[in-house]
Every structure is written in C-alpha cells, then in structure tokens.
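Engineer: Give me a model of this one.
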Amino acid sequence: MGATVRSAGSGQSPVGTAIDVTKPTCVVGDYLIVAIPVQATTVTLTPPAGWTEFTTSPVDGSTDVRLRAWYRKVDGSEAATLTWTSSLSEKHPWGIVSCADGHQSSPVRSQVESGNATADTTCEFAATGSLTVGDLVIIIGAMDGASVGAWTPPATYIERVDQFQDSSFTSVFMASKEITSAGVETPAAASFTGGTVASASFTFALAIDPSAAGGRGGSLLTTALS
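Structural biologist: Below you'll find the predicted structure:
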C-alpha cells in the first residue's frame, strides 16, 4: 500500500500574530504537513510543540517571499486548532495536508527548495532519480502577488491547497501525486492565472516514503523556476 493524501485544508488568519490552522481529518500514524508563506524573510514563525520544520529558505535572500513548512506524526494529542505565532501582525494564508500510510519512522525521504525574485507565472519542477511505486510526491509553492488569481497544478497532479491572502496577495498552493509506475518523475509546470505577479515565487518538493515499502521509495526531486 502506498502513501496517499487523506485530507487537506486551507485558510487565512485574521490580522494579528496568531495563525490558527484547522486540523483536517486524520488518524493516529498519519503525517500532517503545514505550509505558511510570509512576505519578509525577517518574519519568524513559531509552531506548536512537536512539529519538525523542513524548509525555511527565502526566495532569494532579500525581502520577497519565504515559504515555511513543517510536519508532525499524528499521535492523537493534537488540538482541533493548531496555532502558529508570527512576529508580524498581518493576515497569513496557510495550507495543510494529512498523509496516510507514510513510513512510520522516516517519512520524508528527500526535499529540495528553489526560488526566483523576478515576476513569473510559472513554477517548473524537474526530477532527478527514480521513484518507487507507492511514493507520494508533494509540491508546495508560494508567491508574492499583486492581485488575486488561481494556481493550476502540473498535469497528473491533484491540487490540494490554493489559498490567497486577500490584502497583500501572498499565496500558497499544494499538490500531490501517487506514484503508480516506477521510474523518473518529471512534473509539468504549475501556472498562475487570473491575477498579477508582483515579484517572487518559491517552490518546494518532497517525496514521502510508503510504510509498506519499509522506508524504501522516496527519491530526490529537484525544483526550478522559469
């Protein structure tokens, strides 16, 4: 049995420093993945206890966009509302997915991050290496927009999150694909339509090992932006 997405959710916090993330449907042993973009690389985000962060890189080392993401293995003690704390008082968009049947000790096999400080409406991904049947690929993107639009995931990927902040238009999107054929996975581009890109984009990709494979499976995914 391969890893899969059980459920997903997204939202926007009101103006303030508290980011309340609603826990989606999940069971003990699932993995929750939360992604939150912020406009300035100087902003700090503090998660609830028990969360592991796996990306903090800014888009280009300046002040455009920073995408933060964490994961946690569900043990049943999680509250219905999961609260992050920001050093900046503003509205914060967020996205969350619940992954079922991930490897119980080392769920994240690999990850890689990439960014571009120029205005662009396309996020491109490239795979380097072979994936195993049962892997779950999750891609996450963030963007600093000048107006509200919508993301279209790569072909064969299922969109899980497409959330905008309605005043500064920072966005986060998440999409997934269950690998059913072993080999190299090369996702098509994700595109942004219906709005205007202000400056920067950021992408992140990871592979989740399936529990049935005993820790085998996930292969390095590389990302690039056009």
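Engineer: low-scoring pLDDT stretches of the protein, where are they?
Structural biologist: 1, 40-41, 55-65, 102-130, 145-149, 167-169, 183-226 (pLDDT under 70).
Engineer: mind redoing it with 80?
Structural biologist: Residue ranges of the chain with pLDDT under 80: 1-3, 39-42, 54-67, 101-135, 141-151, 165-170, 179, 181-226.
Engineer: Going along the chain, name the helices of it.
Structural biologist: In the chain, no helices are defined using DSSP state H.
Engineer: do you know how far the residue lying closest to residue 70 once chain neighbours are set aside is from residue 165?
Structural biologist: The shortest distance from residue 70 to any non-neighbouring residue, by Cβ to Cβ, 6 or more residues apart in numbering, is to residue 51 (4.2 Å). All C-beta spots, glycine's among them, are computed from the backbone N, C-alpha and C. For residue 51, the distance to residue 165 equals 21 Å [Cβ to Cβ, to the nearest Å].
Engineer: who has more neighbours, those two?
Structural biologist: residue 165 (22 against 19; other Cβ atoms under 10 Å).
Engineer: The more buried one contacts residue 91, doesn't it?
Structural biologist: Yes: proximity of residue 165 to residue 91 meets the contact threshold set by Cβ atoms under 8 Å, at 5.0 Å.
Engineer: Between the two, which contacts overlap?
Structural biologist: Counting by Cβ atoms under 8 Å, 6 or more residues apart in numbering, the shared contacts of residue 165 and residue 91 are residue 12.
Engineer: Residue 2 and residue 180: what is the separation?
Structural biologist: Counting by Cβ to Cβ, the separation of residue 2 from residue 180 is 8 Å.
Engineer: Check residue 78 too.
Structural biologist: Residue 78 is 31 Å from residue 180, by Cβ to Cβ.
Engineer: Same question for residue 23.
Structural biologist: 29 Å.
Engineer: what about those two, which has more around it?
Structural biologist: Higher neighbour count among residue 23 and residue 180: residue 23, with 17 against 9, using other Cβ under 10 Å.
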